[in-house]
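Peer 1: heads up, no residue letters with this:
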């Protein structure tokens, strides 16, 4: 048998471009378009034939180049060639170190940390697997997981907790896809096979809307808020006027506000849609936030801790203290949307953009790149006047 040496070097392994690169003696480094690097070895099993009657020549994955070194790959390739020369099929005889499903999942979680929108989202990703997948198949070698094991995780919660189960399926699929790219699995992803086979019953998702206050009740409610000095009251007033989400309003920093342009630009990393969102500021909005400058905090709505924002529950707890039943903070976005349609007669695209909703198809958005700021400014000014009780009726917005 050949010695443990070849054409590749450690530097080449790290820098070679997309393709299959031979080291010699049947060992190859495969660089995928995604940048993933994995080892395979091609052997011909002595005395065995394929379906066409030709010598049985087979490729075997040896693992990803990020976890299997060049020396280890050559060592494993040598072992495979020895077995093939003896007439033993490595698929059934090789002693491979296959990681468990949990080990791969934890590594995927670590690798993707820089891509999470926030730490909470990243923690939810791994928690779903921890709660529903690890107890059933976490300790299993990742190459032994098939449809029965995946169904064992999904079936118990598929109808009762369908949204959780759907996300669990996505995360299991991602882990198994990574395992395959690293050479630890082969064949179709069982999550895909389960979906294609319709192995799980169809579940009609029930849309849960946030409970909203009727737009006719908002002026009186706002007047009550305005009489309060609590920071949560000021934050809720601002949230109601801007139609923003809770996290967007509470995470507001002074650096995001251009007082000369009367504009708040919420950065992409804090937006649900992942794009910057410009909010025109009205007199009423500015009257809320400008007095807060004296606090010299990093955040506009500072909480109990210095240079930290109010907690996400602060505004909801205020609603409860005010004994406002059946209403959520997020629901004020729906309140604004109803008012914009029923009272202001605002065009759909202006109302939707005011809520940072995506409007139109991908093609339409490619050509209509304006965020209609000035038209939205008119709408938000009218909304502020209505909410603050300055006017009772709003004319059509064009």
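Peer 2: Arrived safely. Owing to the predicted nature of the structure, the values given are computational and were not obtained by experimental measurement.
Peer 1: now do the contacts for residue 174.
Peer 2: Taking CB atoms under 8 Å, 6 or more residues apart in numbering, we find residue 174 in contact with residue 108. Where you see a C-beta, it was placed from the backbone N, CA and C, and this is true even at glycine.
Peer 1: now the helix or strand harbouring it: buried residues?
Peer 2: In this structure, residue 174 sits in helix 162-181 according to DSSP states H and E. Residues of helix 162-181 classed as buried: 162, 165-169, 171-176, 178-181 (neighbour count, 16 or more other CB atoms under 10 Å).
Peer 1: what about the helices in the stretch 51-200 of the chain?
Peer 2: Remark: helices assigned in the stretch 51-200 of the chain by DSSP state H, counting those that start in this stretch are 70-85, 90-93, 101-111, 119-132, 134-137, 147-154, 162-181, 190-197.
Peer 1: so which of these is nearest residue 33?
Peer 2: Checking the helices of the stretch 51-200 of the chain against residue 33 by CB to CB gives helix 162-181 as the closest, at 10.8 Å.
Peer 1: tell me the mean pLDDT over that closest one?
Peer 2: For helix 162-181, mean pLDDT rounds to 93.
Peer 1: same question for stretch 10-21.
Peer 2: In this model, stretch 10-21 carries a mean pLDDT of 92.
Peer 1: ok, stretch 348-366 next?
Peer 2: 75.
Peer 1: which of the helices of the stretch 51-200 of the chain has the lowest average pLDDT?
Peer 2: When the helices of the stretch 51-200 of the chain are compared by mean pLDDT, helix 90-93 comes last with a mean of 65.
Peer 1: and the strands in the stretch 151-300 of the chain, which stretches?
Peer 2: 257-258, 263-266, 277-280 (DSSP state E, counting those that start in this stretch).
Peer 1: distance to residue 120 and mean pLDDT added to those, as JSON lines?
Peer 2: Below are those laid out as JSON lines (distance: least, CB to CB, whole Å; pLDDT from 0 to 100):
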{"stretch": "strand 257-258", "distance to residue 120": "25", "mean pLDDT": "96"}
{"stretch": "strand 263-266", "distance to residue 120": "18", "mean pLDDT": "95"}
{"stretch": "strand 277-280", "distance to residue 120": "20", "mean pLDDT": "94"}
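Peer 1: okay, those strands, which one's buried deepest?
Peer 2: Highest mean neighbour count among the strands of the stretch 151-300 of the chain (mean count of other CB atoms under 10 Å): strand 277-280, with a mean of 21.
Peer 1: got a list of contacts for it?
Peer 2: Taking CB under 8 Å, 6+ apart as the rule, strand 277-280 contacts 242, 244, 248, 262-266, 271, 356, 371, 373-374, 376-377, 380-381.
Peer 1: mind redoing it with 10 Å?
Peer 2: Applying CB atoms under 10 Å, 6 or more residues apart in numbering, the contact partners of strand 277-280 are 241-245, 248-249, 252, 256-258, 261-268, 270-271, 285, 353-356, 371, 373-381, 384.
Peer 1: just the buried members of these?
Peer 2: Among the contacts of strand 277-280, those classed as buried by 16+ other CB under 10 Å are 241-245, 248-249, 252, 256-257, 264, 266, 270-271, 285, 353-356, 371, 375-381, 384.
Peer 1: would you mind measuring from residue 71 to residue 107?
Peer 2: Distance of residue 71 to residue 107, computed by CB to CB, to the nearest Å: 22 Å.
Peer 1: of the two, who's got more company?
Peer 2: residue 107 (17 against 11; other CB atoms under 10 Å).
Peer 1: I'd assumed residue 66 was in contact with the more buried one.
Peer 2: Yes - using CB atoms under 10 Å, residue 107 is in contact with residue 66, at 9.5 Å.
Peer 1: which residues do those two both contact?
Peer 2: Common neighbours of residue 107 and residue 66 (CB under 10 Å, 6+ apart) are residue 182.
Peer 1: residue 327 touches residue 316, doesn't it?
Peer 2: Yes - using CB under 10 Å, residue 327 makes contact with residue 316 at a distance of 9.3 Å.
Peer 1: report the angle between the lengthiest strand in the chain and helix 162-181.
Peer 2: Assignment by DSSP state E gives strand 37-49 as the longest strand of the chain. Put simply, strand 37-49 runs at 70 degrees to helix 162-181, going by axes from the mean of the first three to the mean of the last three CA atoms, to 10 degrees.
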